[in-house]
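Enquirer: Test case, fold it:
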Amino acid sequence: RADASYIAQQRVGAMWADPANLASYVEEKNISDLLPGGLLSVTQLATGGYQVQVTWQVPGEAQHNHTVVAAITGG
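Expert: As a prediction, this is how the structure comes out:
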């Protein structure tokens, strides 16, 4: 959970630091090298609103997720 939180916060931080290129951060990215079965998903909710979700699944367990919603303007 700590790793998922760190990954999500790093992405939000990168987006805040680069508001001119926010559209380039909207993606789904395999992060299995960081978390087992890991996926990073960034979606735009509304103008200036973004959701960053990290999901992962440890073998034999249910899927877990950590979601961050941030208001980021610029660009």
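Enquirer: mind checking the SS state of the residue of the chain positioned farthest from its centre?
Expert: If you look at how far each residue of the chain sits from its centre, by C-alpha atoms, centre = their mean, the farthest one is G60, at 23.9 Å. Reduced to three states with DSSP: H, G, I helix; E, B strand; the rest coil, the structure at G60 is coil.
Enquirer: if I pick it, what's in contact with it?
Expert: When the contact criterion is C-beta atoms under 8 Å, 6 or more residues apart in numbering, G60 has no partners at all. Bear in mind the C-beta positions are built from the backbone N, C-alpha and C, glycine included.
Enquirer: Can you give me the neighbour number for L34?
Expert: The local packing of L34 (other C-beta atoms under 10 Å) involves 14 other residues.
Enquirer: ok, now L40?
Expert: 21.
Enquirer: Give the next helix or strand downstream of the helix or strand it falls within.
Expert: Mapping L40 onto the secondary structure by DSSP states H and E places it in strand 39-46. Where DSSP H and E defines the elements, the next helix or strand beyond strand 39-46 is strand 49-56.
Enquirer: counting contacts, what elements does that following strand pack onto?
Expert: With contacts defined as 3 or more C-beta pairs under 8 Å, 6 or more residues apart in numbering; DSSP states H and E, strand 49-56 has these neighbours: helix 2-17, strand 39-46, strand 64-71.
Enquirer: contact partners of it?
Expert: Taking contacts as C-beta under 8 Å, 6+ apart, the residues outside strand 49-56 that touch it are 4-5, 7-8, 11-12, 15, 22, 25-26, 31, 35-45, 63-72.
Enquirer: Those, buried ones only, as a PyMOL selection?
Expert: Only the buried members of the contacts of strand 49-56 enter the following PyMOL selection, criterion being 16 or more other C-beta atoms under 10 Å:
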select buried, resi 4+7+8+11+12+15+22+25+31+35+38+39+40+41+42+64+66+68+70+72
